[in-house]
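> Pasting a predicted model and its sequence here:
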Amino acid sequence: MKTTLFTHVTVAFSCCLATLTACAGPETEIDPIGNAPVTISASISGEVITKADNNYQPAEGNKKIFLYYKDGSNVKAHEKGVYSYNGSWTAELSGNSIFWDDLEDVNGEYPFFAVSPTDLDKATTGSIVQNQSANADFANSDLLMAFSEVAAKKAKVPLIFKHMLAKLTVKVKVGTITNFTSSTVTIQNAKKEFTVNYTSPAPTAAVPATVVVKSDATTTELTPHSEADDSYEDNGVKTIKVYSIILPAQEISNSGAKVKTTITAGTATNVYTYAPVIPVSLANGTHTTLTLTVKGTGVELDDVKVTDWTTAAADGNITIDTP
């Protein structure tokens with residue numbers, strides 16, 4: 001189980017780019033040679049769930065941060081900045097930069113809102129990628145948001161991003177299976193669409209942006225991302241197959257989403273479904289790990305753990321599906 005990681009990346013913008021005419025201007029207390037750009041320090045609160053290292057240097061997906069002044073519906077010129085990652089974080093050109101001299105305070109404060117890796121672009125609904133087996137699709141299913149309010153114009157705006165969706169990891173202990181060949185996991189009867197509110201009202205420190213599963217969303221089958229194998233000790237080192245998926249908060253239950261595990265050993269293929277009577281609730285902003293052990297024709301539920309928050313316990317067995 002991973003523990004909480006706090007990742008940090010400093011994003012700095014130079015106002016010396018020849019194509020940015022906004023760099024020319026009167027002296028300021030922040031930048032004596034012209035209009036000072038807004039720079040940020042960005043970190044992620046909680047466990048890193050996409051393919052990124054400790055410095056939030058995304059290797060896959062849409063490697064961008066979208067920074068808005070006030071809130072995410074703001075389309076005013078010079079009040080939205082786009083940051084791209086290509087070995088380092090830099091501001092995109094074509095006017096996608098924010099400068100302090102262009103901003104007017106709001107009741108004596110300077111509020112900023114940011115989203116990553118994909119811009120919502122004023123949308124009130126969104127959807128994860130249904131098949132997250134590819135690295136880029138797994139990364140792009142994540143939804144990070146941050147809000148910060150500073151009392152004065154300064155060099156850096158601190159942004160602490162939070163995961164707005166849930167991560168589910170399914171660990172399947174296959175080390176004791178004779179002639180084990182392969183395994184797959186799918187999430188059945190799941191909802192991939194969500195509703196997001198980040199404009200009415202605009203997020204504040206007290207009232208953050210919110211995300212809920214879309215009530216009228218149709219159910220579908222989701223394909224997780226295959227992670228590197230794990231292992232455990234049981235009369236020798238045994239293999240654990242690991243699968244992860246990002247999705248809006250919902251329940252795993254006999255009437256909700258279900259975890260389907262397919263095991264092939266030699267020429268035999270067996271299918272197991274985890275659909276508990278007592279629901280396991282996935283919560284946005286948390287990472288739930290479900291561990292299953294294959295024993296004979298059954299799969300036993302070891303435990304359910306939620307990192308950083310509370311730990312939920314579940315008991316019961318999973319039996320082989322019958323035709």
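Here it is on my side, so go on. Residues are numbered from 1 along each chain as shown.

> going forward, measure contacts and count neighbours with C-alpha atoms only.
Fine.

> The nearest residue to Phe113 once chain neighbours are set aside: what secondary structure?
Among residues not flanking Phe113 along the chain, Phe147 sits closest, at 4.6 Å (CA to CA, 6 or more residues apart in numbering). Here Phe147 is recorded as strand under DSSP: H, G, I helix; E, B strand; the rest coil.

> With Phe138 instead?
helix.

> Give me the neighbour count for Pro158.
18 (other CA atoms under 10 Å).

> gap between Gln57 and Pro279?
Counting by CA to CA, to the nearest Å, the gap from Gln57 to Pro279 is 36 Å.

> swap in Phe112?
With CA to CA as the criterion, Phe112 and Pro279 are 38 Å apart.

> Between the two, which has more neighbouring residues?
The residue with more neighbours, out of Phe112 and Pro279, is Phe112; 23 against 16, by other CA under 10 Å.

> so what's the more buried one up against?
Leu67, Tyr68, Tyr69, Lys70, Asp71, Phe147, Ser148, Glu149 (CA atoms under 8 Å, 6 or more residues apart in numbering).

> filter the residues you listed to the buried ones?
Neighbour counting with 16 or more other CA atoms under 10 Å marks Leu67, Tyr68, Tyr69, Lys70, Asp71, Phe147, Ser148, Glu149 as buried within the contacts of Phe112.

> could I get those as a markdown table with distance to Ile246 and pLDDT?
Supplementary listing: the buried ones among the contacts of Phe112 in a markdown table, determined by distance: CA to CA, whole Å; pLDDT from 0 to 100:
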| residue | distance to Ile246 | pLDDT |
| --- | --- | --- |
| Leu67 | 23 | 89 |
| Tyr68 | 25 | 91 |
| Tyr69 | 28 | 91 |
| Lys70 | 28 | 88 |
| Asp71 | 25 | 84 |
| Phe147 | 22 | 89 |
| Ser148 | 25 | 87 |
| Glu149 | 29 | 88 |
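
> can I get the residues you listed in JSON lines with distance to Leu120?
Below are these laid out as JSON lines (distance: CA to CA, whole Å):
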{"residue": "Leu67", "distance to Leu120": "11"}
{"residue": "Tyr68", "distance to Leu120": "11"}
{"residue": "Tyr69", "distance to Leu120": "15"}
{"residue": "Lys70", "distance to Leu120": "15"}
{"residue": "Asp71", "distance to Leu120": "12"}
{"residue": "Phe147", "distance to Leu120": "15"}
{"residue": "Ser148", "distance to Leu120": "18"}
{"residue": "Glu149", "distance to Leu120": "21"}
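
> For the most centrally placed residue in the chain, list the residues it contacts.
Nearest to the mean C-alpha position of the chain, counting by CA atoms, centre = their mean, stands Asp142 at 3.1 Å. Asp142 is in contact with Thr50, Pro117, Ile128, His163, Met164, Leu165, Ile246, counting by CA under 8 Å, 6+ apart.

> any weak-confidence spans in this protein?
Scanning the chain with the threshold set as pLDDT under 70 gives 1-35, 39-56, 93-95, 155, 295-300, 303, 305-323.

> Tell me where the stretch 51-200 of the chain has helices.
Taking DSSP state H, counting those that start in this stretch, the helices of the stretch 51-200 of the chain run over residues 135-140.

> can I assume Ile65 is in contact with Trp89?
No. Counting by CA atoms under 8 Å, Ile65 does not reach Trp89; the two are 9.1 Å apart.

> Mind checking which of the two has more residues around it?
Remark: of Ile65 and Trp89, Ile65 carries more neighbours, 24 against 19, as counted by other CA under 10 Å.

> contacting residues around the more buried one?
Val82, Tyr83, Ser84, Ala114, Val115, Ser116, Pro117, Thr118, Asp119.

> Mind checking which of those residues land in strands?
Counting by DSSP state E, the contacts of Ile65 place Val82, Tyr83, Ser84, Ala114, Val115, Ser116 in strands.
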